[in-house]
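**Q** Curious how this folds, go ahead:
(one chain, ligands or ions: 1)
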Amino acid sequence: MASIFQIEKKCPQTGARTGFLFTRRGVIETPVFMPVGTQASVKTLTPEEVSGLGARIILANTYHLFLRPGHELIARHGGLHRFMNWPRSILTDSGGYQVFSLAKLCKIEEEGARFQSHLDGQEYLLTPELSMEIQAGLDSDIRMVLDTCIPYPCSYDEAKRLTELTHRWEKRSLLAWQKNHRESLVFGITQGGMFEDLRRYSARVIANFDFHGHAIGGLSVGEPHDLMIEMLEASLSELPEEKPRYLMGVGTPQDILEAVSRGVDMFDCVLPTRNARRGTLFTSFGKISLKQSRYKDDERPIDPECQCYTCRNYSRAYLRHLFMAGELLVYRLNTIHNLHFYLCFMEGIRDAIRKGRFEEFKKHYYERKEESEC
Ligand SMILES: Nc1nc2c(CCc3ccccc3)c3nc[nH]c3cc2c(=O)[nH]1
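**A** So this is what the prediction gives:
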């Protein structure tokens, strides 16, 4: 497998590293945050705005696009990049997780995941082969294997059973990918529930297949922060350092910092975009909510230290007015700010690692995090 990942600089004190991930549609600097564009759109923003904020890879969802408008329609329209006018890299999830979290009456069988569409109740069977076929129709650059996302909490026996089924699905996914998907990259996903021995076992099995990169799955499913870190460490301990690691669904700035320290390269999370639509904004001194009356007459920007379009042009009072009035503009202005915050945060992490100052960066983050709101 040609090397699609190059480590640039390692932090001497921690497992943090910067690197470059090469897809056929461009180079991605890591550690990277990948904005979520579930239904072929990063909600409320144009692709030019997402790219202008610095994003070089976005995520899309196989489950959603399969159900609507359908991968065959998107394929007829030239694939997802053409369809949504996004020329850079796209990573698509396999649908395993969404079937669990969204579909009705999901039944896990050896063949695949049988479910009813949350849109019209129609029944489908999502198999590893079909998942790869859908991702090929979308023509995504990084394709995820079909896995079962183990619920939390879950018994040891059930976690073991689902982990072993996942390994069989991943083998089938890889075979399907090898048959006619070689223009893209394929990532494996480790599972193991919240059991350290199953986490190590799953990582060892996945590491022995021939994937371009490895995702750590089954986390950020409602478990406590410390348990997530513990299971992350168990998984990472058995994954090769030279391949990219992707921690699925993570997370808050603090989660990202802790995971980068342990050698994770790729992140995705709905927080910046979803919180934006709920009026919750990230700042260098913690989060603020536009619902609070204290901002009614506040002329300052969201974050005085932020250089984004929203902070350079609008006050908290104006944003709160828009939010309380239900003016749609606020969803765009808040999303611009939150995505800018996350993408700048990642640039700060990469810069600190390159300059050998990652520990200092982390310490500074924790000091600022507890500051009283300004
Ligand atoms: N396939 C898979 N996806 C997960 C996601 C969705 C990430 C995603 C990818 C692409 C688009 C949207 C979302 C998780 N989100 C939070 N925890 C998660 C765990 C898993 C998991 O174990 N397996």
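
**Q** any idea how far the ligand is from Leu290?
**A** Remark: distance between Leu290 and the ligand (Cβ to the nearest ligand atom, to the nearest Å) = 26 Å. For glycine as for every other residue, the C-beta is placed from the backbone atoms N, C-alpha and C.

**Q** ok, now which ones touch that residue?
**A** Taking Cβ atoms under 8 Å, 6 or more residues apart in numbering, we find Leu290 in contact with 279-281, 316, 319-320, 323-324, 330, 334.

**Q** mind redoing it with 6 Å?
**A** 279, 319-320, 323 (Cβ atoms under 6 Å, 6 or more residues apart in numbering).

**Q** Find the nearest non-adjacent residue to it, please.
**A** Nearest residue to Leu290 in three dimensions, chain neighbours excluded: Gly279, at 3.9 Å (Cβ to Cβ, 6 or more residues apart in numbering).

**Q** Looking at that neighbour now. What's its pLDDT?
**A** Looking at Gly279, its pLDDT is 98.

**Q** got it, and Gln292?
**A** So, for Gln292, pLDDT stands at 97.

**Q** just Glu370 next, same as before
**A** 67.

**Q** three-state assignment of Pro69?
**A** coil (DSSP: H, G, I helix; E, B strand; the rest coil).

**Q** circling back to that earlier point, does the residue nearest to Leu290 touch Met324 like I think?
**A** No: in this structure Gly279 lies outside contact range of Met324 using Cβ atoms under 6 Å: 8.9 Å.

**Q** who's more crowded, the two?
**A** Set side by side, Gly279 and Met324 show more neighbours around Gly279, with 20 against 14, by other Cβ atoms under 10 Å.

**Q** Could you list the contact residues of the stretch 1-150 of the chain toward the ligand?
**A** Taking Cβ under 6 Å from any ligand atom as the criterion, the stretch 1-150 of the chain approaches the ligand at residues 36, 38, 59, 61, 93-94, 96-97, 144, 147, 149.

**Q** Redo those residues as TSV? Include pLDDT, neighbour count and secondary structure.
**A** Listed next are those as TSV, based on pLDDT from 0 to 100; neighbours: other Cβ atoms under 10 Å; DSSP: H, G, I helix; E, B strand; the rest coil:
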residue	pLDDT	neighbour count	secondary structure
Val36	97	21	strand
Thr38	96	18	coil
Leu59	98	22	strand
Asn61	96	21	strand
Asp93	98	30	strand
Ser94	97	30	coil
Gly96	88	28	helix
Tyr97	93	23	helix
Met144	98	30	strand
Asp147	98	33	coil
Cys149	84	22	coil
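
**Q** wait, which of the residues you listed is closest to Phe209?
**A** Asp147 (12.4 Å; Cβ to Cβ).

**Q** and the closest one, what does it touch?
**A** 96, 166, 189, 217.

**Q** separation between Val250 and the ligand?
**A** Remark: distance between Val250 and the ligand (Cβ to the nearest ligand atom) = 7 Å.

**Q** Using the three-state scheme, assign the closest residue to that residue other than its chain neighbours.
**A** With Cβ to Cβ, 6+ apart as the criterion, Val250 has its nearest non-adjacent residue at 5.0 Å, and that residue is Ser220. Following three-state DSSP, the label given to Ser220 is coil.

**Q** Okay, Ser220 and Leu198: tell me how far apart.
**A** For Ser220, the distance to Leu198 equals 17 Å [Cβ to Cβ, to the nearest Å].

**Q** residue closest to the middle of this protein?
**A** Nearest to the mean C-alpha position of the chain, by Cα atoms, centre = their mean, lies Asp268 at 1.7 Å.

**Q** Please name the residues that touch the closest residue in space to that residue that isn't next to it in sequence.
**A** In this structure, Asp268 finds its nearest non-sequential neighbour in Met34, 4.5 Å apart by Cβ to Cβ, 6+ apart. Met34 sits next to 57, 59, 268 when contact means Cβ under 6 Å, 6+ apart.

**Q** Identify the bridge partners of the second one.
**A** If I follow you right, that is Leu59. Bridge pairing for Leu59 (DSSP bridges) gives the partners Val36, Leu91.

**Q** Kindly report the residues of the stretch 151-300 of the chain close to the ligand.
**A** 189, 217-218, 220-221, 248-249, 268.

**Q** Save those residues as CSV, and put in pLDDT too.
**A** What follows is these, written out as CSV (pLDDT from 0 to 100):
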residue, pLDDT
Ile189, 98
Gly217, 98
Gly218, 97
Ser220, 96
Val221, 95
Met248, 98
Gly249, 98
Asp268, 98
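
**Q** most surrounded residue in those?
**A** Per-residue neighbour counts (other Cβ under 10 Å) across these peak at Gly218, which has 33 neighbours.

**Q** Quick one: low-confidence residue ranges for the stretch 251-374 of the chain.
**A** Scanning the stretch 251-374 of the chain with the threshold set as pLDDT under 70 gives 370-374.

**Q** which one of the residues of the stretch 1-150 of the chain next to the ligand sits closest to Glu8?
**A** Leu59 (23.4 Å).

**Q** show me the contacts for the closest one.
**A** Per Cβ under 6 Å, 6+ apart, neighbours of Leu59: 34, 36, 91, 268.

**Q** Let me know the helix or strand that Leu21 is in.
**A** According to DSSP states H and E, Leu21 maps onto strand 17-23.

**Q** Who are the packing partners of that strand?
**A** Counting contacts by 3 or more Cβ pairs under 6 Å, 6 or more residues apart in numbering; DSSP states H and E, strand 17-23 packs against strand 5-10, strand 26-30, helix 329-354.

**Q** and the ones you listed as a markdown table, adding mean neighbour count?
**A** A markdown table is the format used below for the helices and strands packed on strand 17-23 (neighbours: other Cβ atoms under 10 Å):
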| stretch | mean neighbour count |
| --- | --- |
| strand 5-10 | 15 |
| strand 26-30 | 18 |
| helix 329-354 | 21 |
